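[1] Quick check, what structure comes out for this input:
(one chain, ligands or ions: 2)
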Amino acid sequence: MADTEYDYDLFTIGAGSGGVRASRVSAAHGAKVAIAEEHRVGGTCVIRGCVPKKMLVYGAHFAEDLEDCQKFGWEIEGKKFDWKTLRDNVLADVDRLEGAYTETLDNHDVTIFHERAEITGPHEITLASGKKVTAKYILIATGARPRMPECQGAEHAISSNEAFHLDELPKKVIIAGGGYIANEFAGIFNEFGSKVDIVNRGDRLLRSYDEAVRDRLLQISTMKGISFRFNTTFEYIKPCEDGGYFVKLSDCEEEHADLVMFAVGRLPNTEGLGLDAAGVELGDGGEIKVDRFSKTNVDHIYAVGDVTDRVQLTPVAIREGQAFADTVFGGGDPVAVDHSCIPSAVFSHPPIAAVGMTEGEAKNQLGSVKVYLSDFRPMKNVLAGRNERSLMKMICDGDSGKIVGIHMIAPEAPEMMQAAAIAVKAGLTKADFDATTAIHPTMAEELVLMR
Ligand SMILES: Cc1cc2nc3c(=O)[nH]c(=O)nc-3n(C[C@H](O)[C@H](O)[C@H](O)COP(=O)(O)OP(=O)(O)OC[C@H]3O[C@@H](n4cnc5c(N)ncnc54)[C@H](O)[C@@H]3O)c2cc1C
Ligand SMILES: NC(=O)c1ccc[n+]([C@@H]2O[C@H](COP(=O)([O-])OP(=O)(O)OC[C@H]3O[C@@H](n4cnc5c(N)ncnc54)[C@H](O)[C@@H]3O)[C@@H](O)[C@H]2O)c1
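    Ligands and ions are numbered 1, 2, ... in the order given. Okay, the predicted model is just below:
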């Protein structure tokens, strides 16, 4: 396809979830494509997000399984956990995945520049090495980075980026935040035996999730030994001689922690990209403003993924990347991503998963709402003597019976939710679920047995 006026048909900045998909598919459509990556091919999800995080979640969960298995007749003598073994195995798999992503791009003849890129002219990109290239279209897929709050000594805190590389596990960790990352890492550290305190500036965890499910996570996490402080801010973090820190929070005396981690949201990577000079419009939070086809206000510049701060999830970035490639190089009608009814999960201990409206949202938006609830102790927990109850909630339009939301906190909730979300997205009703025979004995059967 290559337009001889430019070096490339497409130049993508950022080889993460969105950028890699967009580049690979554009190349498959016949475009001549180059991509720049300043860190590692694969981006946040593969290198320091979803994938290594989920492996740590698996690793952490063995702590409970090894405890519970005794009630199932197993005797485990001399069990011990070695953080460095898990860490190094996870990092090795990340290396493997980086290789696989690089290979995919290579196989599609996408040129990879392993360096930072910046827009320096309407169609010009300058690489850190000084090399300049031109492209007919530019795609910004630079993702987001951890937001580090301002407090005295904030530079002593780590973010999720560093959490994957720790030399040793902290005896005590204070985690700032109350969202996805704070709850996921609280579960991980707690299962490995660290004392975990979550400190949230606001008054609730996981704001966008249904209240009943959030309350259940708080209750179970507290039972497991995680402490929570709400409406609390950091005053200072000071290093102390033992390699740890003295931490002063707004509501209490100075205390000691071995590690402080900030997980208070992520900021779009839009600085130093030449966006001002290129005339690309940003929103109040520094995110790139785009239309439903991911086009910026500049006709040949597009943006996908976290940098647009629509929904900061990998499958969304991938869909946006795919839709961009199909729109610009696919030769058919433009494709917009449907951002409604996106299922999501928090890989806490136990995990949360949800799709659609919470009960509160449904009550605000619909005339009449019917709520079905199943509050049960999973069979495995009963035998294990684990006093941990699961919760499933189905929210329906009271008039039509259409399911508008499902919310769960249960072992394997994300696995169950992926299937349930198809039904919700397809607009099925409670009657459709009722007409489906249960698979017994499972936790998922609760979905078709709710009264
Ligand atoms: C700890 C953690 C856990 C997560 N867990 C999940 C999960 O379980 N499920 C889920 O769906 N989502 C999860 N996410 C979110 C998910 O990782 C992101 O939504 C997703 O990676 C966004 O993809 P992206 O392509 O927009 O950006 P990224 O994957 O961040 O890729 C952007 C890339 O651009 C590069 N870059 C930036 N600027 C430049 C430049 N100027 N030149 C060259 N390269 C540049 C960066 O180095 C980066 O590699 C998690 C995130 C974190 C931090
Ligand atoms: N399982 C997943 O899909 C997954 C996992 C991790 C991250 N992510 C994505 O990454 C994004 C970023 O995650 P996150 O957990 O950093 O952000 P988040 O937006 O989920 O949560 C931020 C939390 O920090 C609190 N907070 C803000 N400022 C604070 C301060 N100064 N001190 C203490 N608390 C403060 C907020 O009240 C909020 O509870 C998520 O929004 C999500 O889209 C997804």
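[2] and the closest residue to Leu218 other than its chain neighbours, how many neighbours?
    Using Cβ to Cβ, 6 or more residues apart in numbering and skipping residues adjacent in sequence, the residue nearest Leu218 is Leu205, 6.1 Å away. The C-beta positions use only the backbone N, C-alpha and C, and glycine is treated the same way. By other Cβ atoms under 10 Å, the residues close to Leu205 number 24.
[3] Show the contacting residues for Leu205.
    Gly178, Gly179, Ala182, Asn183, Ile198, Arg214, Leu217, Leu218, Phe228 (Cβ atoms under 8 Å, 6 or more residues apart in numbering).
[4] For the helix or strand hosting Lys84, buried residues please.
    Lys84 belongs to helix 83-107 when assigned by DSSP states H and E. Under the neighbour-count criterion of 16 or more other Cβ atoms under 10 Å, helix 83-107 has Leu86, Arg87, Val90, Val94, Leu97, Glu98, Tyr101, Thr102, Leu105 buried.
[5] State the pair within those that is farthest apart.
    Leu86 and Leu105 (29.2 Å; Cβ to Cβ).
[6] ranges for the helices of the stretch 151-300 of the chain?
    160-163, 180-191, 211-223, 275-278 (DSSP state H, counting those that start in this stretch).
[7] if you compare the ones you listed, which one is most tucked away?
    Among the helices of the stretch 151-300 of the chain, the stretch with the highest mean neighbour count (mean count of other Cβ atoms under 10 Å) is helix 180-191, at a mean of 25.
[8] Could you see whether ligand 2 lies near that one?
    Yes - Helix 180-191 is in contact with ligand 2 by Cβ under 6 Å from any ligand atom, via Tyr180, Ile181, Ala182, Glu184.
[9] which one is the first one nearest to, not counting chain neighbours?
    Think Tyr180. With Cβ to Cβ, 6+ apart, the residue lying closest to Tyr180 is Val346, at 5.5 Å.
[10] ok, now the last one?
    Distance criterion Cβ to Cβ, 6+ apart; nearest residue to Glu184, sequence neighbours excluded, is Phe347 at 5.1 Å.
[11] contacting residues for the one you found?
    Lys53, Lys54, Val57, Glu184, Gly187, Pro414.
[12] Return the residues in contact with the fourth one.
    The contact partners of Glu184, by Cβ under 8 Å, 6+ apart, come to Lys53, Val57, Val346, Phe347, Ser348.
[13] Report the contact partners of the residue in the stretch 51-200 of the chain that ligand 2 sits nearest to.
    Using Cβ to the nearest ligand atom, Gly179 is the residue of the stretch 51-200 of the chain that sits closest to ligand 2, at 2.0 Å. The neighbourhood of Gly179, defined by Cβ under 8 Å, 6+ apart, consists of Leu205, Leu206, Arg207, Ala263, Val264, Gly265.
[14] Can you verify my assumption that the fourth one contacts Phe189?
    No - contact between Ala263 and Phe189 fails when scored by Cβ atoms under 8 Å: they sit 11.6 Å apart.
[15] any common contacting residues for those two?
    Residues touching both Ala263 and Phe189 by Cβ under 8 Å, 6+ apart: Ile175.
[16] ok, is the helix or strand harbouring Gln322 in contact with ligand 2 or not?
    Assigned by DSSP H and E, Gln322 belongs to helix 314-329. No - for helix 314-329, no contact with ligand 2 is found by Cβ under 6 Å from any ligand atom; the gap never falls below 7.5 Å.
[17] Verify the contact between Arg116 and Ala36 for me.
    Yes - if you go by Cβ under 8 Å, Arg116 and Ala36 touch, sitting 6.9 Å apart.
[18] so where does the nearest residue to Ile301 once chain neighbours are set aside fall, helix or strand?
    Closest residue to Ile301 apart from its sequence neighbours, by Cβ to Cβ, 6+ apart: Ile138 at 4.9 Å. Applying DSSP H and E as the criterion places Ile138 in strand 132-140.
[19] which outside residues touch the helix or strand just after that strand?
    Going down the chain from strand 132-140, the next helix or strand is strand 144-146, by DSSP H and E. The contact list for strand 144-146 (Cβ under 8 Å, 6+ apart) reads 44, 159-161, 262-264, 266-269, 306-307, 309, 312.
[20] Tell me the residues of the stretch 301-450 of the chain that contact ligand 1?
    Gly305, Asp306, Val307, Gln312, Leu313, Thr314, Pro315, Ala317, Phe347.
[21] Compare the residues you listed and tell me which has the most neighbours.
    Gly305 leads these on contacts (other Cβ under 10 Å) with 38 neighbours.
[22] which residues does that one contact?
    Gly14, Gly16, Ser17, Gly18, Gly19, Ala141, Gly143, Val316, Ala317, Glu320, Gly321.
[23] mind redoing it with 10 Å?
    Each residue near Gly305 by Cβ atoms under 10 Å, 6 or more residues apart in numbering is listed here: 14, 16-19, 21-22, 43-45, 139-144, 268-269, 288, 294, 311-314, 316-321, 324.
[24] Do you know the pLDDT at it?
    With respect to pLDDT, Gly305 scores 98.
[25] For it, what are phi and psi?
    phi 80, psi -160 (degrees, to the nearest 10).
[26] just use 48 as the starting number from now, easier for me
    In the new numbering, first residue 48, that becomes Gly352.
[27] Roughly how far does it sit from Val93?
    Going from Gly352 to Val93 by Cβ to Cβ, to the nearest Å gives 13 Å.
[28] between the two, what contacts are shared?
    Contacts common to Gly352 and Val93, judged by Cβ under 10 Å, 6+ apart, are Gly63, Ser64, Thr361.
[29] before we move on, what SS does Ala485 have?
    Of the three states, Ala485 takes coil under DSSP: H, G, I helix; E, B strand; the rest coil.
[30] Report the contact partners of the residue nearest to it when sequence neighbours are not counted.
    Excluding the flanking residues, the one nearest Ala485 by Cβ to Cβ, 6+ apart is Glu492, at 3.7 Å. Contacts for Glu492 (Cβ under 10 Å, 6+ apart) come out as Ser421, Thr483, Thr484, Ala485, Ile486.
[31] And these, which two are furthest apart?
    Among these, Ser421 and Thr484 lie farthest apart (Cβ to Cβ), at 16.9 Å.
[32] For Thr189, give me its contacts.
    59-63, 65-66, 83-85, 90, 163-164, 315-320, 335, 350-354.
[33] how does it look with 8 Å?
    With Cβ under 8 Å, 6+ apart, Thr189 has these contacts: Ile60, Gly61, Pro315, Asn316, Thr317, Leu320, Val354.
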